[in-house]
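Peer 1: heads up, no residue letters with this:
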């Protein structure tokens, strides 16, 4: 939930003068076992809605129209300062870094240092994803065909992941950020539930299926705060599966100017599994055990990427305030930035500026830091809190949020079990 207490030094609040600086968290809800599961969940929803209403500007037309007006002015300022223009020399540095990681992987592979080779390959993949993200948003050349081609080469040919699948889900994520029913990037049932609303067995409008709070979820969700990092170690394997489903099922564009992307991606998948699966794993590494170690090391090394992807949203509000909330306020309410020194920008790859990125997705990654001061001024002007946390404190907040929802899931599961047993008991008396 968007609760940023003033005693955390790395969190900077942007709010109206005189506005309450901290709001009691909803974690205290449910200490007494509820009689009805739905009543319990509705009480949590009301509490979180109250927190949002106390933290962010009101939703009346006058206030929101003023936010929209100043948001447009901000966009023009960013354009006038040339921050939508790509700094291609920065990508030259990126390419040098990628090449060094790949070369280190090959050298270690040649001398049989398979663990180190896998580690450098994981570093290579970790860094590549940032540029694939940039091209997916047309943030490099701003040309659909050129950026998409570059993105497919990076994601499919070199990384084995479908750029088309990522764009299909990610574009929706940018429109309905953190919405439990609509945002596919935050729908991880039955493993993770970032909101109590997932305990209602919601229907995903993107996947067109019900995300059941079933027997598996009742076991895993209460433990999600402990399973978060271990499961993210295997996150890349899930991306492979989602990519294959997307391409095999033909879920991408079949008509229009983008219809060619599916076939280029299929070629990229074949190329990737030829060089990685056949040449590296099968032809170069001699034993099955060494192959297993190589796969595990290279894939688990990319775990920080999955932390970076989830960090900016998992701790933020998942409430729906309806169509009257302005786009800018919604993005800043559901997204958090990560505070880090400039020399660490390469490690985060622009994902540390997710709030700014959500406001203007086509700003090139290397210009986001320069844009930050303009966004902070905007937040001060319209009295919207700008959520900014250090990497460590951000992780603590995510774990706290997962633990909170996990406790709610355990209480709800216990409640449902009690009601079921009570029903069986009543039935036996008839």
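Peer 2: Cool, got the structure. Keep in mind that this is a model prediction, so the values were computed, not measured.
Peer 1: how about residues contacting stretch 111-131?
Peer 2: Here stretch 111-131 makes contact (C-beta atoms under 8 Å, 6 or more residues apart in numbering) with 91, 94, 97-98, 101-102, 104-106, 108-109, 140, 150-151, 154-155, 158-159, 161, 236, 285, 290, 293-302, 304-305, 346, 349-351, 365. C-beta coordinates here come from the backbone N, C-alpha and C atoms, glycine included.
Peer 1: for the chain, longest helix please?
Peer 2: For the chain, the helix with the greatest residue count under DSSP state H is helix 391-428.
Peer 1: next, the buried residues of it.
Peer 2: By neighbour count on 16 or more other C-beta atoms under 10 Å, the buried set for helix 391-428 is 391, 393-395, 397-409, 411-413, 415.
Peer 1: report how many residues lie close to residue 372.
Peer 2: By the criterion of other C-beta atoms under 10 Å, residue 372 has 18 neighbours.
Peer 1: grab the nearest non-local neighbour of it.
Peer 2: Nearest residue to residue 372, sequence neighbours excluded (C-beta to C-beta, 6 or more residues apart in numbering): residue 356, at 6.0 Å.
Peer 1: that neighbour touches residue 375, doesn't it?
Peer 2: Yes: Residue 356 lies in contact with residue 375 (C-beta atoms under 8 Å); the separation is 5.2 Å.
Peer 1: thought residue 359 was touching residue 375, still the case?
Peer 2: Yes: if you go by C-beta under 8 Å, residue 375 and residue 359 touch, sitting 6.6 Å apart.
Peer 1: what is in contact with those two at once?
Peer 2: residue 74.
Peer 1: tell me where this protein is predicted with low confidence.
Peer 2: 1-37, 420, 423-430 (pLDDT under 70).
Peer 1: so which elements touch the longest helix of the chain?
Peer 2: helix 37-55, helix 215-220, helix 224-232, helix 303-314, strand 337-339 (3 or more C-beta pairs under 8 Å, 6 or more residues apart in numbering; DSSP states H and E).
Peer 1: the second one - contacts with which helices or strands?
Peer 2: Going back to what we said before, that points to helix 215-220. Using 3+ C-beta pairs under 8 Å, 6+ apart, helix 215-220 is in contact with helix 391-428.
Peer 1: chain center to the helix it packs on, what's the gap?
Peer 2: Relative to its chain's centre, helix 391-428 lies at 24 Å (C-alpha atoms, centre = their mean, to the nearest Å).
Peer 1: and for stretch 383-399?
Peer 2: Relative to its chain's centre, stretch 383-399 lies at 14 Å (C-alpha atoms, centre = their mean).
Peer 1: for it, measure first residue to last.
Peer 2: Counting by C-alpha to C-alpha, to the nearest Å, you get 28 Å between the two ends of stretch 383-399.
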